[in-house]
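1. compute the structure for the input listed below.
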Amino acid sequence: MMRKPNDILLPERAKPAASKSGLTRRAACGLGLAGLAAPQVALGATHKEITWDDLVPPGVPFAEIIGEGDMDELADTWRPIFDENAYKMNTALDGADIKMPGYIIPLETTGDGVTHFILVPYIGACIHVPPPPANQLVLVSSTKPWPVDDLWDAVWVYGKMSIELQSLELGDTGYALQADNVDLYVW
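-> Next up is the predicted model:
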């Protein structure tokens with residue numbers, strides 16, 4: 001038998017041996033490395049992506065401001081009076097693992113960043129204009145601080161949503177979210 005120059009002969013002991021399951025060591029290592037990436041894939045797959053429209057129950061129109069509202073001159077805030085639709089929450093989201101975009105209005109900061117904030121649908125909500133209705137504000141608690149330098153950036157927030165009406169100085173929130181993660185929103 002004539003050998004070609006590129007033929008490589010391996011002794012029997014150097015050939016990859018298949019295990020009882022039929023997997024070679026190389027295939028088993030490849031599966032192990034793929035398993036390391038699986039939690040990242042699973043994290044994205046377990047959180048349902050929602051929009052701000054999803055916070056309003058199906059069939060319910062967005063809230064409207066009724067009357068002029070109340071001016072708090074000491075806090076320099078205006079609290080609008082909304083119709084009853086402002087306090088109608090989407091019960092399908094109660095207990096759901098969600099992913100949603102928004103902007104951060106800080107409530108509590110540490111030396112490492114913001115840990116407690118209101119997630120709002122547009123930049124400046126609750127600060128320079130009347131706050132959105134309660135079903136458009138999400139109170140977020142995060143164990144992972146968000147950098148104070150990045151407060152003007154849009155973010156993705158991942159976590160478990162609950163319906164929890166709370167009255168804060170900046171406005172009424174209808175939802176609470178325990179954040180697993182906060183990431184920069186990439187356009």
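
2. only C-alpha atoms for contact and neighbour calcs from this point on.
-> Fine.

3. backbone dihedrals for residue 93, please?
-> phi -90, psi -10 (degrees, to the nearest 10).

4. you'd agree it is up against residue 164?
-> No: between residue 93 and residue 164 there is no contact under Cα atoms under 8 Å: 11.5 Å.

5. if you count what's nearby, which of those two comes out ahead?
-> Neighbour count, other Cα atoms under 10 Å: between residue 93 and residue 164, residue 93 has more, with 19 against 16.

6. so who does the closest residue to that one other than its chain neighbours touch?
-> Using Cα to Cα, 6 or more residues apart in numbering and skipping residues adjacent in sequence, the residue nearest residue 93 is residue 161, 6.4 Å away. By Cα atoms under 8 Å, 6 or more residues apart in numbering, the contact set of residue 161 is 93, 94, 95, 96, 97, 98, 175, 176, 177, 178.

7. do the same with residue 184
-> Residue 184 makes contact with 153, 154, 155, 156 under the criterion Cα under 8 Å, 6+ apart.

8. one more: residue 114?
-> Contacts for residue 114 (Cα under 8 Å, 6+ apart) come out as 106, 107, 108, 145, 146, 147, 148.

9. how far away is the third one from residue 115?
-> Read that as residue 108. As judged by Cα to Cα, to the nearest Å, residue 108 and residue 115 stand 6 Å apart.

10. of those two, which one has the most company?
-> residue 115 (19 against 13).

11. the strand or helix carrying the more buried one pairs with which strands?
-> Assigned by DSSP states H and E, residue 115 falls within strand 113-120. Strand 113-120 has the following strand partners under DSSP bridges: strand 97-110 (antiparallel), strand 138-146 (antiparallel).

12. format these as TSV; extra columns: mean pLDDT and distance to residue 70.
-> Formatted as TSV, these follow (pLDDT from 0 to 100; distance: least, Cα to Cα, whole Å):
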stretch	mean pLDDT	distance to residue 70
strand 97-110	95	21
strand 138-146	95	22
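
13. residue 65: which of those is closest?
-> Proximity to residue 65, assessed across the strands paired with strand 113-120 by Cα to Cα, is greatest for strand 138-146 (19.2 Å).
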